[in-house]
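[1] 3D, please:
(one chain, ligands or ions: 1)
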Amino acid sequence: MLNEVLEHLVTTADGIYVDGTLGGGGHAEKICERLSEKGMLIGIDADADAINEAGKRLHRFKNNVQLVNDNTAHIADILRTQHISTVHGLLLDLGVSSFQLDDASKGFSFRGNERLDMRMDRRQSLDAYAVVNSYEEEELADVIFHYGEERLSRRIARKIVYRREAAPIETTGQLASIVESVVGGKFAVKSLARVFQAIRIEVNDELHRLKSILSDSLGYMADGGRIVVISYHSLEDRIVKTFFNECAATTIPSGNKFQPDTPRIPELRIITKKPLEATEEEQKNNPRSRSAKLRAAERI
Ligand SMILES: C[S@@+](CC[C@H](N)C(=O)[O-])C[C@H]1O[C@@H](n2cnc3c(N)ncnc32)[C@H](O)[C@@H]1O
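    Sure thing, here's the model as predicted:
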């Protein structure tokens, strides 16, 4: 959704833009191509490998690029350190990259057999091993149910706890075989994807961090500045949609038909009334884009 991102995000070539999910730097490179000598891109990623990869790709723009290996949830501090008070756009292309999924050592994929890790940022202590081996059964079931939307969450959690009593669950392959032993047959792959997604979201605290990145963005976004978010599952998309709707509202409902609603000054104008989706062609070339939803809003 490269063209859609550029069209909605970049409104002034002299602006300061933040790519809060830098990844391999694909979007960042195209943003840089649209900037003037005065423009600037701040690329943030929690994963040090992504920063290295993107650094190579963006080398030719080095005078206009700052790369930061941190969680974008710390963006207010990051901007303060760089003495930047306003930016003209924030891009979030959420989740993990195919580069991270393909790197078996990161332990994100149920197709490999690596140590359970799933940390975007290797400096943090909570990893998938700790979630799988130390969470209480109920807590584990809640993670799988809420973040994976997996119907059989309770049975999967019970089986995990039963198996780990004999010996810790060390690898992605062991976890995958436990899930498969509960959800057999043709549904297993979908359940595997849901369980691994759930644990990844928990390890990286993705949904809470998304909420805090969005709410902080109002504090530093210039008038007319844009927030563009690409999400890949309904939980993320719901957070973005709710945030945009609340900030664009012109009234606060009283909740009582005899009392008038309270007027409020909106902070955002929603640009995409409905989320944009990848074209058929893009979906064919890049299967991950099939679930992508892009929403954009402008600071007012
Ligand atoms: C889908 S990829 C982005 C791909 C990128 N747009 C590109 O064109 O190559 C998501 C990236 O964002 C990073 N990420 C996700 N959430 C983050 C957060 N809260 N803070 C920092 N990095 C984050 C991941 O480590 C991953 O590298």
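[2] and the gap between Val182 and the ligand?
    Using Cβ to the nearest ligand atom, to the nearest Å, one obtains 29 Å as the distance from Val182 to the ligand. C-beta here means a position set from N, CA and C on the backbone, and glycine is covered the same way.
[3] How about the residues of the stretch 51-200 of the chain by the ligand?
    Within the stretch 51-200 of the chain, the residues that sit near the ligand (Cβ under 6 Å from any ligand atom) are 71-73, 93, 95-97, 100, 120.
[4] mind putting the residues you listed in JSON lines, distance to Phe61 included?
    Shown next, in JSON lines, are these (distance: Cβ to Cβ, whole Å):
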{"residue": "Asn71", "distance to Phe61": "23"}
{"residue": "Thr72", "distance to Phe61": "20"}
{"residue": "Ala73", "distance to Phe61": "25"}
{"residue": "Asp93", "distance to Phe61": "18"}
{"residue": "Gly95", "distance to Phe61": "25"}
{"residue": "Val96", "distance to Phe61": "25"}
{"residue": "Ser97", "distance to Phe61": "20"}
{"residue": "Gln100", "distance to Phe61": "23"}
{"residue": "Met120", "distance to Phe61": "24"}
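[5] can you tell me which of those are in helices?
    Judged by DSSP state H, the subset of those located in helices is Gln100.
[6] Which of the residues of the stretch 51-200 of the chain next to the ligand sits closest to Leu2?
    Distance from Leu2 was checked for each of those by Cβ to Cβ. The minimum falls on Asp93, at 10.1 Å.
[7] who are the neighbours in contact with the closest one?
    The neighbours of Asp93, taking Cβ atoms under 8 Å, 6 or more residues apart in numbering as the test, are 5, 19, 21, 23, 27, 230.
[8] could you redo the last one with a cut-off of 7 Å?
    For Asp93, the contact set (Cβ atoms under 7 Å, 6 or more residues apart in numbering) comprises 21, 23, 27, 230.
[9] And stretch 199-217, what's buried?
    Using 16 or more other Cβ atoms under 10 Å as the burial criterion, the residues of stretch 199-217 that qualify are 199-204, 206-207, 209-210, 212-214, 216-217.
[10] for those, which one is nearest the ligand?
    If you rank the buried residues of stretch 199-217 by distance to the ligand using Cβ to the nearest ligand atom, Arg209 comes first, at 4.5 Å.
[11] In which helix or strand does the closest one reside?
    Assigning secondary structure by DSSP states H and E places Arg209 in helix 206-220.
[12] neighbours around Pro263, how many?
    Burial measure for Pro263: 9 neighbouring residues, criterion other Cβ atoms under 10 Å.
[13] isn't it right up against Ala249?
    No. Counting by Cβ atoms under 7 Å, Pro263 does not reach Ala249; the two are 9.9 Å apart.
[14] Tell me which residue lies nearest the centroid of this protein.
    The residue lying closest to the centre of the chain (Cα atoms, centre = their mean) is Leu94, at 2.6 Å.
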